[in-house]
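Asks: Predicted model follows, preceded by the sequence.
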Amino acid sequence: MASKAAVKVTVTGAAGQIGYALLFRIASGQLLGPDTPVRLSLLEIPPALKAAEGTAMELDDCAFPLLAGIDITDDAKRAFDGVNVALLVGARPRTKGMERGDLLEANGGIFKPQGEAINAGAAEDVKVLVVGNPANTNALIARSHAPDVPADRFTAMTRLDHNRALSQLAAKLGVSVTEISQMTIWGNHSATQYPDLFHAQVGGRSAAEAVGDDAWLRDTFIPTVAKRGAAIIESRGASSAASAANAAVDHVHDWVHGTEWTSMAVASDGSYGVPEGIISSFPVRCADGRWEIVQGLDIDEFSRERIDASVAELVEERDAVRSLGLI
Ligand SMILES: NC(=O)C1=CN([C@@H]2O[C@H](COP(=O)(O)OP(=O)(O)OC[C@H]3O[C@@H](n4cnc5c(N)ncnc54)[C@H](O)[C@@H]3O)[C@@H](O)[C@H]2O)C=CC1
Ligand SMILES: O=C([O-])CC(=O)C(=O)O
């Protein structure tokens, strides 16, 4: 029987498709480990509360030993009161005829009050992962409305891109994903992201060297990883859900329990020429519940151009939300 105090995990957009794939894995102990009980808080908008209640009934029906309770609400203040781990999944998707500015504005209406509620009530050790798109900029909005929470607690998800890159590379080389280390996604969770094979290692050498095929790296690998989300939508008729939930579990698990090397979108401290404050994906190392950007990597011209292009897009998004008064 678990003896530790229960950790409060808040999931927004809990009745959505990622929520449905995520909640059962959290309640089963895969997010925080087999000896950590969890209290789930599900935040939804009023029309989706009934569906969230249905999911909560199913969670009850699993009789998970680690599940210490479930609260369902449409009130962000209540949902984030005392929260230790906040998974911000619910977001406004782009719909037909919607301009980029409209999308950012609609998401500002979600992530600003959620940032304020986290600021008002979160636990001292709160960790925030933003999954809802545009994830990096939504994280920037939430963080800018939580001035009392240390900036390093706000992260956005590029772990799905990271896992996609591992899988594509493993298939190309005919190796297991466990034989690959130091994979990195740089930049934005968007088609401009840069999955980096020059620092990834396979069998004691760089993955780019192991592949030995620049054309594949440039014309197949990078676009396949960067456009995988769109390919899933095209094939499934819906966006990635189980793989996104899996990546969220990996992200938080590694942040809490530590890892030598993964990809997380975090507030830049100016490392690798990324403007300070931008939430950009970097290679990170995690220990003792904290992350740090892996330093000292040589960035060649090929990688520099791609990192700069993705960061330029993030700067544009930041400037757009700034001009809308959202940050
Ligand atoms: N960063 C990443 O790698 C990935 C991000 N995503 C993004 O994750 C988000 C969620 O995806 P799905 O679960 O498939 O979407 P979905 O549409 O199935 O579910 C979203 C849920 O959020 C809820 N919601 C909307 N506004 C809310 C608010 N203010 N507070 C609480 N809940 C709210 C909706 O009622 C809905 O139940 C999308 O923005 C999607 O683009 C998806 C895959 C990967
Ligand atoms: O575009 C989307 O909603 C899905 C997404 O982020 C992904 O699969 O990477």
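Replies: Done, it's in. Ligands and ions are numbered 1, 2, ... in the order given.
Asks: Who are the contact partners of residue 14?
Replies: Residue 14 makes contact with 23, 42-44, 48, 52, 55, 72, 89-90, according to Cβ atoms under 8 Å, 6 or more residues apart in numbering. Backbone N, C-alpha and C define where each C-beta goes, glycine included.
Asks: ok, it to residue 49 distance?
Replies: 9 Å (Cβ to Cβ, to the nearest Å).
Asks: Report the set of residues contacting both of those two.
Replies: In contact with both residue 14 and residue 49: residue 72, using Cβ under 8 Å, 6+ apart.
Asks: The contacts of residue 14: which ones sit near ligand 1?
Replies: With Cβ under 6 Å from any ligand atom as the criterion, those include 43-44, 48, 89-90 near ligand 1.
Asks: and these, which of them are in strands?
Replies: Of these, the ones assigned to strands by DSSP state E are residue 43.
Asks: And the ones next to ligand 1 among the contacts of residue 14, which two are furthest apart?
Replies: Greatest spatial distance in the ones next to ligand 1 among the contacts of residue 14: 48 and 89, 12.0 Å, computed using Cβ to Cβ.
Asks: Who has more neighbours out of those two?
Replies: When neighbours are counted by other Cβ atoms under 10 Å, residue 89 comes out ahead of the other of residue 48 and residue 89, with 23 against 20.
Asks: Now do the contacts for the residue lying closest to residue 176 once chain neighbours are set aside.
Replies: The shortest distance from residue 176 to any non-neighbouring residue, by Cβ to Cβ, 6 or more residues apart in numbering, is to residue 170 (6.3 Å). Shown in contact with residue 170 (Cβ under 8 Å, 6+ apart): 176-177, 179-180.
Asks: related to what we said a few turns ago, from the contacts of residue 14, which two are the most distant?
Replies: 72 and 89 (14.7 Å).
Asks: Which of the ones next to ligand 1 among the contacts of residue 14 sits closest to ligand 1?
Replies: Ligand 1 has its nearest neighbour among the ones next to ligand 1 among the contacts of residue 14 in residue 90, at 2.8 Å by Cβ to the nearest ligand atom.
Asks: Appreciated, that's everything.
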